[in-house]
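A.B. asks: any chance you could fold what I've pasted below:
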Amino acid sequence: MQGSRGAYEIESALAPGGDRVAQYRPVRLDPAPRHTLYFGERRAVASPIGGTTRIGGTMELSGNNSRLDWRRIVAVALASRHCLGRWFDDPDDLVSVIREPWVGRRPFLPDGLPVIDRIPGHDNAFAATGHGMLGVTLGPATGQRLAEYIRTGRRPETLAPFRFDRLRH
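C.D. replies: Purely as a prediction, here's the structure:
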């Protein structure tokens with residue numbers, strides 16, 4: 001990263017699989033984030049990724065589709081200005097600023113709980129997925145418990161509710 005005063009592109013505004021904007025221009029985030037920032041009260045997140053800043057957020061329960069709704073992108077971009085500053089003047093500017101807008105699915109499991117466990121049939125593979133919109137929030141605690149499991153070979157009691165086998169019917 002070039003330091004906190006460099007120019008950074010805004011890479012995307014939702015999740016993978018949507019249409020792309022053909023042109024973009026670098027914008028100055030002053031300072032640009034050096035680590036993931038979670039704007040809980042605004043329901044948005046910003047992460048530095050490969051010299052760009054990815055801004056994401058929102059969840060829409062609208063069936064099984066991957067429609068890109070530009071109004072949602074505008075809402076996330078507006079929410080990010082609270083912490084990232086005024087990186088665009090007008091929502092119409094976003095078409096030339098956002099390089100890769102996208103939409104996608106949130107990782108939810110049928111019972112609403114994540115899976116944090118050894119992958120069945122594999123001694124050296126683990127999963128920590130299905131946190132829904134709480135991945136950033138629960139990531140540190142998940143990582144600590146999963147690291148303990150990997151290090152000791154014994155599942156911590158706190159991970160018992162998040163076993164793979166609970167999903168078998």
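A.B. asks: I'd say residue 53 and residue 29 touch.
C.D. replies: Yes - counting by Cβ atoms under 8 Å, residue 29 is a contact partner of residue 53 at 6.0 Å. Bear in mind the C-beta positions are built from the backbone N, C-alpha and C, glycine included.
A.B. asks: and the helix or strand where residue 116 lies, which strands flank it?
C.D. replies: Element membership of residue 116, judged by DSSP states H and E, is strand 115-118. Paired strands of strand 115-118, with direction, are strand 126-129 (antiparallel) (DSSP bridges).
A.B. asks: so where's the longest helix in the protein?
C.D. replies: The single longest helix within the chain, with elements called by DSSP state H, is helix 135-152.
A.B. asks: just the mean pLDDT for that helix, thanks.
C.D. replies: Per-residue pLDDT over helix 135-152 has a mean of 89.
A.B. asks: also stretch 110-118?
C.D. replies: Here stretch 110-118 scores 91 as its mean pLDDT.
A.B. asks: buried sites along that stretch?
C.D. replies: Buried residues in stretch 110-118, counted by 16 or more other Cβ atoms under 10 Å: 113, 114, 115, 116, 117, 118.
A.B. asks: dump those to JSON lines, plus distance to residue 157.
C.D. replies: Output for these, formatted as JSON lines (distance: Cβ to Cβ, whole Å):
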{"residue": "113", "distance to residue 157": "16"}
{"residue": "114", "distance to residue 157": "16"}
{"residue": "115", "distance to residue 157": "17"}
{"residue": "116", "distance to residue 157": "12"}
{"residue": "117", "distance to residue 157": "13"}
{"residue": "118", "distance to residue 157": "15"}
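A.B. asks: since that was my last question, I'll sign off now.
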